[in-house]
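Participant: would you be able to build a 3D model of this:
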Amino acid sequence: MVTLLIIGPAGSGKSTLTKSFGKWLEHEGKTVNYVSLDPGAEVLPFTPSFDVRSMVKVEELMLKEGLGPNGALIRAAEIIEERFAEVLEEVSSLSPDFLLVDTPGQMEIFLFRTLGPKLASSLRDRTVSVFLIDPVLMKKPNDFVVLKMLGLVVELRLGIPSIEVVNKCDLLNVDSVRIIEDLTKMDMEGLSGSLAEELRRIIDKLEKKKRTLMVSAVKGTGFLDLYKAIGEAFCACGDMT
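Facilitator: Presented below is the predicted three-dimensional model:
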């Protein structure tokens, strides 16, 4: 079984990608289960085999404890962490070819608290994170450097292989494509540009020789490349068998 932890900033298309890539895998003859770990989700585009909202919902916490949205998210994360053994039992009971885990909309809830690292280290078989980059957040080369650094943080924090994916690639303009294809040719001016250039050099040293994938969850493009990258994360040949 391969478990994919779908991670990214709010609005990057995690739930949509979970649904679309899952459907693509099913069309390829793979069995797929879905897990939602987002206690603040209002509507899901897929039917989860386990939904953390069966344990805690952000809206209910806001009413019950008089919390705002952010406070309720943090409180929900605390409750999930307290009941982690139950979450792990539910998730571990599933055994499809691919298990797609849609993580919370606010990625810091999953990544920087204990939930993400504990789950990543507790799951059996092969686990990989899919880090989504939202092109809406990428207006200049400096922005892409920051997002790539965040991708490295994801891999460091979770301790598992990470695949870097630009979702919504159908929204990319020519300049954005040029930035992604070769960041070394971009002019990064001023103090922030100098810092970004230094960070780019660090990224080149630390990041494995892996490509940034271009995917559109809405149009269903790039999924074959994503599937191959998942195989490459575990073996040089990319063979999933």
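Participant: C-alpha only now, for contacts and for neighbours.
Facilitator: Noted.
Participant: CA atoms of the helix or strand where residue 59 lies as CSV?
Facilitator: Using DSSP states H and E, residue 59 maps to helix 58-65. Extracted C-alpha coordinates of helix 58-65, given in CSV (Å, rounded to 0.1, in the frame of the first residue of the first chain):
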residue,chain,number,x,y,z
VAL,A,58,-14.6,23.3,13.9
GLU,A,59,-18.1,24.8,13.6
GLU,A,60,-19.3,22.9,16.6
LEU,A,61,-16.3,23.9,18.7
MET,A,62,-16.9,27.6,17.7
LEU,A,63,-20.5,27.3,19.1
LYS,A,64,-19.7,25.2,22.1
GLU,A,65,-16.6,26.9,23.4
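Participant: partners of the one helix or strand residue 128 maps to, with directions?
Facilitator: Using DSSP H and E, residue 128 sits in strand 126-133. With DSSP bridges as the test, strand 126-133 is paired with strand 2-7 (parallel), strand 162-166 (parallel).
Participant: contacts for the helix or strand just after the first one next, please.
Facilitator: Counting by DSSP H and E, the next helix or strand C-terminal to strand 2-7 is helix 14-27. When contacts are defined by Cα atoms under 8 Å, 6 or more residues apart in numbering, helix 14-27 is touched by residues 6-8, 31-32, 34, 44-46, 100-103, 105, 132, 217-218, 220, 223.
Participant: and the strands in this protein?
Facilitator: Ranges of strands in the chain, per DSSP state E, are 2-7, 32-36, 50-51, 98-102, 126-133, 162-166, 213-214.
Participant: contacting residues for residue 50?
Facilitator: By Cα under 8 Å, 6+ apart, the contact set of residue 50 is 34, 35, 36, 90, 91.
Participant: list the contacts of residue 95.
Facilitator: Counting by Cα under 8 Å, 6+ apart, residue 95 touches residue 1.
Participant: show me which of the contacts of helix 14-27 are buried.
Facilitator: 6-8, 31-32, 34, 46, 100-103, 105, 132, 217-218, 223 (16 or more other Cα atoms under 10 Å).
Participant: among these, which two are most distant?
Facilitator: Taking Cα to Cα, the two most distant members of the buried ones among the contacts of helix 14-27 are 31 and 105; they sit 25.3 Å apart.
Participant: which residues of this protein score low on pLDDT?
Facilitator: Along the chain, segments meeting pLDDT under 70 span 174-193, 196, 206-210, 235-241.
Participant: show me where it has its helices.
Facilitator: Counting by DSSP state H, the chain has helices at residues 14-27, 58-65, 69-82, 84-92, 107-111, 115-122, 141-158, 174-181, 190-206, 223-232.
Participant: before we move on, back to that, same list (the strands of the chain) but as CSV, adding distance to residue 202.
Facilitator: Formatted as CSV, those follow (distance: least, Cα to Cα, whole Å):
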stretch, distance to residue 202
strand 2-7, 22
strand 32-36, 34
strand 50-51, 38
strand 98-102, 30
strand 126-133, 19
strand 162-166, 17
strand 213-214, 20
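Participant: returning to that earlier point: relative to residue 77, which of the strands paired with strand 126-133 is closest?
Facilitator: Residue 77 lies closest to strand 2-7 among these, at 15.7 Å (Cα to Cα).
Participant: what residues does the helix holding residue 59 touch?
Facilitator: Contacts to helix 58-65, defined as Cα under 8 Å, 6+ apart, come from residues 39, 40, 67, 68, 69, 72, 73, 75, 76.
Participant: let me have the strands paired with strand 126-133 in a markdown table, extended by distance to residue 234.
Facilitator: Formatted as a markdown table, the strands paired with strand 126-133 follow (distance: least, Cα to Cα, whole Å):
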| stretch | distance to residue 234 |
| --- | --- |
| strand 2-7 | 10 |
| strand 162-166 | 11 |
